[in-house]
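*Asks:* I need the structure of the sequence given here:
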Amino acid sequence: MAKTRARIRLIRKKELPKAKKNKIKTKRAAAKRYKVLGSGRVKVGCTNKQHLTGHKSRKHKNRLRKGKLVRKENMSLVKRCLPNSL
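*Replies:* Predicted coordinates for the structure are as follows:
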């Protein structure tokens, strides 16, 4: 009964505790695939290098070792997946 009286007093004074906001969570799959550089650009690895590489030239496979930067058109998608790092 004492708790309800205290609650009624709080309601009358309008000093109810504020509700906590939900934390924005990072998509873990995206965090494993993308790396944010110091300049703010996002680096991503190349595709098509895991299997079916027998017919690809050595030059082609060497080029696939390097990463690429995410294009400006796709940055909005990446920002949505990595909200805390961009």
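*Asks:* So in this structure, where's the weakest helix or strand by average pLDDT?
*Replies:* For the chain, the helix or strand with the lowest mean confidence is helix 2-13, at a mean of 70 (criterion: mean pLDDT, DSSP states H and E).
*Asks:* Would you mind identifying the next helix or strand past it?
*Replies:* Heading C-terminal from helix 2-13, the first helix or strand you meet, by DSSP states H and E, is helix 28-33.
*Asks:* which secondary structure elements does the helix or strand following that next one contact?
*Replies:* Downstream of helix 28-33, the next assigned helix or strand under DSSP H and E is strand 34-36. Judged by 3 or more C-beta pairs under 8 Å, 6 or more residues apart in numbering; DSSP states H and E, strand 34-36 is in contact with strand 42-44. All C-beta atoms are positioned from the backbone trio N, CA, C, and that covers glycine.
*Asks:* how about a cut-off of 10 Å?
*Replies:* Using 3 or more C-beta pairs under 10 Å, 6 or more residues apart in numbering; DSSP states H and E, the elements in contact with strand 34-36 are strand 42-44, helix 75-81.
*Asks:* And the average pLDDT for that strand is what?
*Replies:* In this model, strand 34-36 has a mean pLDDT of 96.
*Asks:* Just checking: what are the partner strands of that strand?
*Replies:* Partners of strand 34-36 in the sheet, by DSSP bridges, are strand 42-44 (antiparallel).
*Asks:* Need the residues that contact the helix or strand that the partner strand is followed by.
*Replies:* Using DSSP H and E, the next helix or strand after strand 42-44 towards the C-terminus is helix 58-65. Helix 58-65 is contacted by residues Gly45, Cys46, Thr47, Asn48, Lys49, Gln50, Thr53, Lys56, Ser57 when judged by C-beta atoms under 10 Å, 6 or more residues apart in numbering.
*Asks:* Next, the contact list for the fourth one, please.
*Replies:* For Asn48, the contacting residues are Lys56, His60, Lys61, Leu64, by C-beta under 10 Å, 6+ apart.
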